[in-house]
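> Below: sequence and its predicted model.
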Amino acid sequence: MSLLKDKVAIVTGASSGIGRAIARRYAAEGAAAVIADIVESPIEGGPSTVELITGSGGSALICRPTSRIGAPSTRSWPPRSAGSAASTSW
């Protein structure tokens with residue numbers, strides 16, 4: 001059973017450690033995972049969290065948040081125009 005089918009999970013610190021495990025579990029349950037971290041390469045080495053999730057058939061993307069005021073972000077929010085009821089496709 002896919003408990004999180006058609007859901008999006010934003011997981012901070014998901015490149016490594018506990019965040020990585022959480023993102024992989026959410027993706028295994030059917031969620032599309034947004035990997036929010038300042039780095040893409042895991043501290044432990046090996047493939048990135050996105051590669052692990054997409055390699056096993058899940059959906060994931062990396063989003064590098066920034067704390068600098070005025071710095072460009074990786075994604076804009078909201079992901080669709082105001083007043084639009086259409087969903088964002090992955």
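Thanks, I have it.
> quick check: longest helix of this protein.
helix 17-28 (DSSP state H).
> same question for the helix or strand following that helix, mean pLDDT?
Beyond helix 17-28 on the C-terminal side, the first helix or strand identified by DSSP states H and E is strand 32-36. Here strand 32-36 scores 93 as its mean pLDDT.
> What strands line up against strand 32-36, and which way round?
strand 8-12 (parallel), strand 60-63 (parallel) (DSSP bridges).
> Now the most centrally placed residue in the chain. Nearest residue, chain neighbours left out?
When Cα atoms, centre = their mean is applied to the chain, the residue found nearest the centroid is residue 34 (1.2 Å). In this structure, residue 34 finds its nearest non-sequential neighbour in residue 10, 4.4 Å apart by Cβ to Cβ, 6 or more residues apart in numbering. All C-beta spots, glycine's among them, are computed from the backbone N, C-alpha and C.
> Isn't the one you found up against residue 36?
Yes - if you go by Cβ atoms under 8 Å, residue 10 and residue 36 touch, sitting 5.7 Å apart.
> Only the buried residues of the longest helix of the chain, if you could.
19-20, 22-24, 26-28 (16 or more other Cβ atoms under 10 Å).
> Output those residues as TSV; include the columns distance to residue 42 and pLDDT.
Output for these, formatted as TSV (distance: Cβ to Cβ, whole Å; pLDDT from 0 to 100):
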residue	distance to residue 42	pLDDT
19	10	95
20	6	95
22	14	96
23	11	96
24	11	96
26	17	96
27	15	96
28	17	96
